[in-house]
Structure formats: structure tokens, C-alpha cells
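A.B. asks: below are the sequence and a predicted model for it; my questions follow.
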Amino acid sequence: MGREARGLCTIGSHTEAVKALLESTELVVRGDSLKHRFAISALSGVEVQGNALRFQCAGERVALELGAEEAQKWFKKIMTPPPSLASKLGIGTDAKAYLLGCAEDAALAEALAGASTTGASDAAVLIAIALDDEDLTQAIARHAGMPCRAMWVVHLKGKAATLGDTAIRQRLRDSGYMDNKTTAVSDRFTATRYAKR
């Protein structure tokens with residue numbers, strides 16, 4: 001969830017009242033004539049001076065007057081790197097995942113590097129790649145024999161998916177699971193965490 005505020009924005013020599021949104025990957029300002037999207041990764045010289053958050057982007061100097069306290073909060077959020085996919089999945093060297101399926105997605109493969117196990121009984125979580133109904137059936141059966149309570153179901157997004165989020169959720173709820181967290185994996189894949197009731 002991003003931050004939202006109203007304030008004055010100065011870009012170059014133009015100043016205008018704007019509504020500003022700070023999302024995970026971009027800062028958006030919207031006014032009567034100012035409409036800009038700034039990628040967080042492209043910001044440089046980010047600092048707080050008085051009531052203003054100041055930065056440069058694509059050769060433009062920007063000052064966003066939010067109030068001293070709010071400007072500090074925005075500064076902290078901009079300067080804090082987003083959590084890794086491994087962190088979002090709750091896996092690491094102390095909490096290994098058992099993978100069911102093939103992690104062909106580069107982002108998922110990177111998250112699993114050093115955080116996976118081949119022993120289902122040692123896993124803190126099952127990560128199941130579900131591209132079709134058969135994959136989902138195998139995931140449910142495999143998880144039934146594991147001591148871990150949680151299972152992440154990774155599936156394709158949007159129109160590319162033959163097995164969509166709604167069908168997965170219904171099938172797992174019918175099997176006694178409840179979904180409790182969702183995260184993007186990459187441009188192509190998303191994941192939802194399910195746990196036995």
C-alpha cells in the first residue's frame with residue numbers, strides 16, 4: 001500500500017498544488033497541468049529540506065512540499081529497498097522451501113537459490129507450480145503428506161493462465177485451505193499462500 005498526500009510540487013520553475021502518490025516502484029504527482037510519473041529507481045539526490053522532499057529525475061529538479069514529518073516518511077520509504085521475493089515468500093537458509101514443479105521463472109529460481117530443500121519433511125513451506133488442474137491436484141496430495149502448514153501456489157497471470165486464481169482458490173477452499181497472502185513473482189507469475197484450516 002502506498003502513501004498519498006496533497007502539497008505543492010515544483011518542477012523546474014513551475015509550482016502547482018498536486019495530489020502525490022508514493023507506490024512501491026514510482027512516485028506520481030497530479031495537478032491541473034502537472035502530471036508526472038517518476039520511477040523510484042531513477043531518482044537521485046533524494047533528501048529532505050525543511051518541509052520538502054527534494055530529488056532529481058531525468059535532469060529535472062523536483063521539490064514536493066509535504067510537511068516535515070510526511071517528507072521524512074516518504075524519504076524513508078524511497079530509501080528503503082523493497083523486500084526480496086524470498087522474503088515475501090518467507091523462505092531463506094533457516095526456512096527452506098520444497099519445490100513441486102519446475103522453477104523456469106528467473107525471479108522464482110533466484111528466490112529459491114540457497115532456500116530450497118529436496119526433503120519434503122524438512123520444508124517450512126511447499127511451493128507448487130500450478131499451470132493446470134493436474135498440477136494443483138498433485139500439490140494438494142503432496143502437501144497432505146508434509147508437516148508444514150503453508151503452501152504457496154504459483155500460477156500464470158491474466159489471459160495466459162489456463163488455471164486462474166478464482167479456480168485455484170475455490171478448489172483449495174473446497175479442500176480445506178484458506179488463502180492468506182498474495183505476492184507478485186514476476187511479470188508472468190503470481191503466488192498465493194494457502195494454509196490448512
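C.D. replies: Alright, I've got the coordinates.

A.B. asks: please make it C-alpha for all contacts and neighbour counts, starting now.
C.D. replies: Fine.

A.B. asks: the strands in the protein, which residues?
C.D. replies: Using DSSP state E, the strands of the chain run over 3-11, 14-22, 26-30, 35-39, 44-49, 52-57, 60-65, 97-100, 125-129, 150-156, 177-184, 189-196.

A.B. asks: and for the last one, what's in contact with it?
C.D. replies: If you take Cα atoms under 8 Å, 6 or more residues apart in numbering as the criterion, strand 189-196 is touched by 105, 149-157, 172, 176-185.

A.B. asks: repeat for the fifth one
C.D. replies: Applying Cα under 8 Å, 6+ apart, the contact partners of strand 44-49 are 53-57, 68, 71-72, 75.

A.B. asks: Ser121 contacts Met146, correct?
C.D. replies: Yes: at 5.9 Å, Ser121 counts as touching Met146 under the criterion of Cα atoms under 8 Å.

A.B. asks: who has more neighbours, those two?
C.D. replies: Between Ser121 and Met146, Met146 has the larger neighbour count (other Cα atoms under 10 Å), namely 18 against 13.

A.B. asks: burial count for Gly176?
C.D. replies: Gly176 has 11 nearby residues by other Cα under 10 Å.

A.B. asks: kindly report the same for the one 4 residues further on.
C.D. replies: Using other Cα under 10 Å, Asn180 has 10 other residues around it.

A.B. asks: what do you get for Ala195?
C.D. replies: Neighbours of Ala195 under the rule other Cα under 10 Å: 19.

A.B. asks: beta partners for it?
C.D. replies: Ala195 has the following beta-bridge partners by DSSP bridges: Ala150, Met178.

A.B. asks: where does it land on pLDDT?
C.D. replies: Here the pLDDT value assigned to Ala195 is 96.

A.B. asks: could you measure from Cys9 over to Thr183?
C.D. replies: According to Cα to Cα, to the nearest Å, Cys9 and Thr183 sit 32 Å apart.

A.B. asks: so between the two, which is more surrounded?
C.D. replies: Cys9 (25 against 15).

A.B. asks: what are the bridge partners for the more buried one, then?
C.D. replies: Per DSSP bridges, the residues bridged to Cys9 are Glu16, Leu64.

A.B. asks: pretty sure it contacts Glu65?
C.D. replies: Yes: contact between Cys9 and Glu65 holds when scored by Cα under 8 Å: they sit 6.3 Å apart.

A.B. asks: taking the contacts of strand 44-49 together, which two end up most distant?
C.D. replies: Cys57 and Ala68 (21.4 Å; Cα to Cα).

A.B. asks: many thanks, have a good one.
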